[in-house]
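**Student:** mind folding the following:
(one chain, ligands or ions: 1)
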Amino acid sequence: MMAALSVESVDAGYGDFQALFGVSLDVEEGWTVAIIGANGAGKSTLLRAVMGQVQIGRGTIRYRGDDLGPLATHARVARGLALVPEGRRLFPSLSVSENLRIGAHVGREGQWTIERVVELFPLLARLLSRPADVLSGGEKQAVAIGRALMSNPDVLLLDEVSLGLAPIVVRDLYAAIPGIKAAGTTVVIVEQDVTLALEIADHVYCMLEGRVSLSGTPATLSHAAVTDAYFGVPA
Ligand code: ATP
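**Tutor:** Model (predicted):
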């Protein structure tokens, strides 16, 4: 089977600073993949590289077999990739429904509409006309995920959904992931909370200092192996 997304021996960084060293990973169609790792491990850089927001040096990133190399970010979104960035990046003065509609501007056909996003996150129903900047952190994150879904992605990349949110809020947001998966969307989620990642994922990659330090299904990874790969010291 051809992977939906395939990262092959990718180096990437910022100017002279190298953040990724020969990173390889495969995301099969329909999977939920978690990328775990400590602060600065390179997880966000990897997602940005997939979206064409960070230039890669060596290596190749393929989407359904095609090299994404020459494509700008908007062209990648048009192909079916979408990113919920770290920090959400909503338009603060625009309303929730305006923020959601911005996600649809690429014009990809599909099932995601404002109504479907509200079904997924019922808490948004009463907030549609509110400006985004008055929302709580969890509400903002729901809008950010909804905005990405409005582009009808085949592969949704989520960067640290849980950042700065209370555990109960995070649980509510994670509860939406099976619904996203059931819609046929492949999900790649960057997460620092290992327990959460292991619960939700079909496959887990751990990153350490810009490299993949461990890969496997949650059932096959021992706690000790994950701790070792996460912190880089024997458990
Ligand atoms: P975090 O959980 O902190 O976001 P991460 O695993 O996502 O961690 P990255 O954000 O990808 O890690 O950062 C990898 C390395 O690249 C870090 O050393 C970081 O300081 C550096 N870095 C990230 N963004 C930039 C940037 N815009 N310019 C320069 N260096 C950067």
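**Student:** chain center to the longest helix seen in the chain, what's the gap?
**Tutor:** Counting residues, the longest helix found in the chain (DSSP state H) is helix 137-149. The chain centroid and the centroid of helix 137-149 are separated by 12 Å under C-alpha atoms, centre = their mean, to the nearest Å.
**Student:** in that helix, what counts as buried?
**Tutor:** Gly138, Glu139, Lys140, Gln141, Ala142, Val143, Ala144, Ile145, Gly146, Arg147, Ala148, Leu149 (16 or more other C-beta atoms under 10 Å). To be clear about C-beta, it is placed using only N, CA and C from the backbone, and glycine gets the same treatment.
**Student:** could you export these as a markdown table, including distance to the ligand?
**Tutor:** Output for those, formatted as a markdown table (distance: C-beta to the nearest ligand atom, whole Å):
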| residue | distance to the ligand |
| --- | --- |
| Gly138 | 19 |
| Glu139 | 22 |
| Lys140 | 17 |
| Gln141 | 15 |
| Ala142 | 20 |
| Val143 | 20 |
| Ala144 | 15 |
| Ile145 | 18 |
| Gly146 | 22 |
| Arg147 | 20 |
| Ala148 | 17 |
| Leu149 | 22 |
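**Student:** redo these as CSV? Include pLDDT.
**Tutor:** Formatted as CSV, the buried residues of helix 137-149 follow (pLDDT from 0 to 100):
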residue, pLDDT
Gly138, 93
Glu139, 94
Lys140, 94
Gln141, 94
Ala142, 94
Val143, 96
Ala144, 95
Ile145, 96
Gly146, 95
Arg147, 95
Ala148, 95
Leu149, 96
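**Student:** show me where this structure has strands.
**Tutor:** Listed in chain order, the strands of the chain (DSSP state E) span 5-14, 17-27, 32-37, 60-63, 66-67, 81-84, 155-159, 186-191, 203-208, 211-216.
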